[in-house]
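Chemist: Give the three-dimensional model of this entry:
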Amino acid sequence: MQRIGIIGVGEIGRAIVMGLCGGGGESPEVFLSPRGARTAAELAERYEGVRVCADNQEVVDRAEVVVIAVRRPDRHEALAGLRVSAGKVVVNLMAGVGNDELRRTLATDAPLVRAIPLPTVRERRCVTVTYPSHPVVDALFEHLGGAQPVADEAAFNVFSALTGTLTTHYSFLATLASWAVEHGIAADDADRYVRSLFRGVGRSLSDETRSLQRLAADHETPNGSNERIRTTWFNPANSEALGKALGDLLIDLN
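Modeler: Sure thing, here's the model as predicted:
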């Protein structure tokens with residue numbers, strides 16, 4: 001497996017390291033930027049073959065595959081002056097930063113691949129969207145749960161917009177638990193039950209023989225409680241509002 005360098009050791013960078021090094025078998029050499037120093041030091045102590053570099057240029061020099069995982073607002077400071085030879089492969093995890101912009105910033109002829117890994121790469125259970133398809137990068141993410149190359153950057157941005165709904169889902173669950181507490185349920189009991197309820201829903205998503213619409217129908221009794229909440233709360237107006245929010249986000253990502 002290639003030597004991997006990661007610039008920006010936040011939540012996603014940490015998850016990638018854990019997925020690469022924590023699953024048993026052969027692990028790659030991983031070189032981490034000093035950015036996110038505490039997390040980088042913890043990972044280097046935990047996993048053999050993980051090292052913290054003095055600066056971002058050392059990460060680039062030591063690695064064959066360079067993963068850029070800094071936040072969009074921090075990109076100019078983190079990438080200024082980096083020299084990236086054409087023999088490297090660069091993986092761009094920055095939402096809203098296209099490969100054309102990144103190529104201008106780095107002034108490199110190296111292959112650039114955008115990717116959208118999620119925190120579940122730590123358990124090797126994440127399907128990661130990539131663009132353009134590249135054998136080295138696709139193999140890396142297949143190892144972490146699966147790669148899903150797309151045809152163009154417009155399609156990539158649609159998938160990127162979808163990832164913006166994750167914390168909304170968690171907030172939805174938190175709202176359900178809070179509602180139960182307001183009606184006299186102990187907070188721990190409400191939290192435990194809501195987690196259990198939707199953990200089962202998550203497992204049902206593994207059944208790819210049924211469409212999402214089919215799964216919804218199979219969990220719903222005509223004139224029952226689920227149908228009542230769906231049709232009175234998640235009504236056409238709410239559906240339209242969600243679509244508009246996603247559309248606005250997509251505009252920003254393009």
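
Chemist: Extract the residue ranges of the stretch 51-200 of the chain that are flagged as low pLDDT.
Modeler: In the prediction, the stretch 51-200 of the chain carries no residues with pLDDT under 70.

Chemist: All the strands of it, residue numbers only.
Modeler: Taking DSSP state E, counting those that start in this stretch as the test, the strands found in the stretch 51-200 of the chain are 65-68, 89-92, 112-116, 128-131, 147-149.

Chemist: Endpoints of stretch 66-78, how far apart?
Modeler: 13 Å (Cα to Cα, to the nearest Å).

Chemist: Name the residues of it that come out as buried.
Modeler: V66, V67, I68, A69, V70, R75, A78 (16 or more other Cβ atoms under 10 Å). Heads up, the C-betas are built off the backbone N, CA and C, glycines and all.

Chemist: for stretch 167-180, same thing?
Modeler: L176, A177, A180.

Chemist: Please name the residues that touch the closest residue to the last one other than its chain neighbours.
Modeler: So that's A180. Spatial nearest neighbour of A180, chain neighbours left out: A190 (3.8 Å); criterion: Cβ to Cβ, 6 or more residues apart in numbering. By Cβ atoms under 8 Å, 6 or more residues apart in numbering, the contact set of A190 is L176, A177, S178, A180, V181.

Chemist: Name the nearest residue to the second one, sequence neighbours excluded.
Modeler: So the one you mean is A177. Closest residue to A177 apart from its sequence neighbours, by Cβ to Cβ, 6+ apart: A190 at 4.3 Å.

Chemist: circling back to that earlier point, Throw the strands of the stretch 51-200 of the chain into a markdown table and include distance to I185, thanks.
Modeler: What follows is the strands of the stretch 51-200 of the chain, written out as a markdown table (distance: least, Cβ to Cβ, whole Å):
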| stretch | distance to I185 |
| --- | --- |
| strand 65-68 | 44 |
| strand 89-92 | 45 |
| strand 112-116 | 37 |
| strand 128-131 | 38 |
| strand 147-149 | 40 |
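
Chemist: Can you say which of the ones you listed is packed in most?
Modeler: strand 65-68 (a mean of 26; mean count of other Cβ atoms under 10 Å).

Chemist: List the pairing partners of that strand within its sheet, with orientation.
Modeler: Strand 65-68 has the following strand partners under DSSP bridges: strand 4-7 (parallel), strand 89-92 (parallel).

Chemist: Show me what counts as buried in the helix or strand that comes right after the first one.
Modeler: Moving toward the C-terminus from strand 4-7, the first helix or strand encountered (DSSP states H and E) is helix 11-21. Of the residues in helix 11-21, those scored as buried under the neighbour-count criterion (16+ other Cβ under 10 Å) are I12, G13, R14, A15, I16, V17, M18, G19, L20, C21.

Chemist: Tell me which residues are up against helix 11-21.
Modeler: For helix 11-21, the surrounding residues in contact (Cβ under 8 Å, 6+ apart) are 1, 4, 6, 9, 27-28, 30, 32, 36, 39, 43, 47-50, 67, 69, 93, 117-124, 143-145.

Chemist: All set now, cheers.
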